[in-house]
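J.: Only the shape, not the letters, is given here:
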């Protein structure tokens, strides 16, 4: 039986754990948010937190919409709301904010 590597936080906010695994030649990361950091939890609705996790996992608005059974336009509005509430302008800035502990 293959032993899983320990979970790491990589400077992520409290409650956010990162698991990595390899599949063929590619390496993947799984983000698991056990408890949202207080600043982010206070700033976002439950639906926005779920969408943010999917953004951090690298999913497109279309993928998120399919998974949540919502329209792409609804997801785009929610993404805009997340960015506005957290003071970021892109997915890259969102990832940077989360990787340094929620600002």
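T.: Yes, it's here. Bear in mind the structure is a predicted one, so any value in this text is a computation, not a measurement.
J.: Give the other helices and strands that the lengthiest helix in the chain contacts.
T.: Ranked by residue count and defined by DSSP state H, the top helix of the chain is helix 72-86. Packed against helix 72-86 by the contact rule (3 or more C-beta pairs under 8 Å, 6 or more residues apart in numbering; DSSP states H and E) you find helix 38-43, helix 46-56, helix 61-68, helix 91-99. Placement of C-beta: from N, CA and C, glycine included.
J.: what sits up against it?
T.: Counting contacts by C-beta atoms under 8 Å, 6 or more residues apart in numbering, the residues outside helix 72-86 that touch it are 40, 43-44, 47-48, 51-52, 55, 61-62, 64-65, 68, 89-90, 93-94, 97, 103.
J.: buried set for that helix?
T.: Buried residues in helix 72-86, defined by neighbour count with 16 or more other C-beta atoms under 10 Å: 75, 78-79, 82-83, 86.
J.: cool, and stretch 55-66?
T.: 55-56, 59, 61, 64-65.
J.: element containing residue 27, please.
T.: The secondary structure element spanning residue 27 is strand 26-33 (assigned by DSSP states H and E).
J.: Restricted to buried residues, select the contacts of helix 72-86 in ChimeraX.
T.: Under the burial definition 16+ other C-beta under 10 Å, those of the contacts of helix 72-86 that qualify are selected in ChimeraX by:
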select :40,43,44,48,51,52,55,61,64,65,94,97
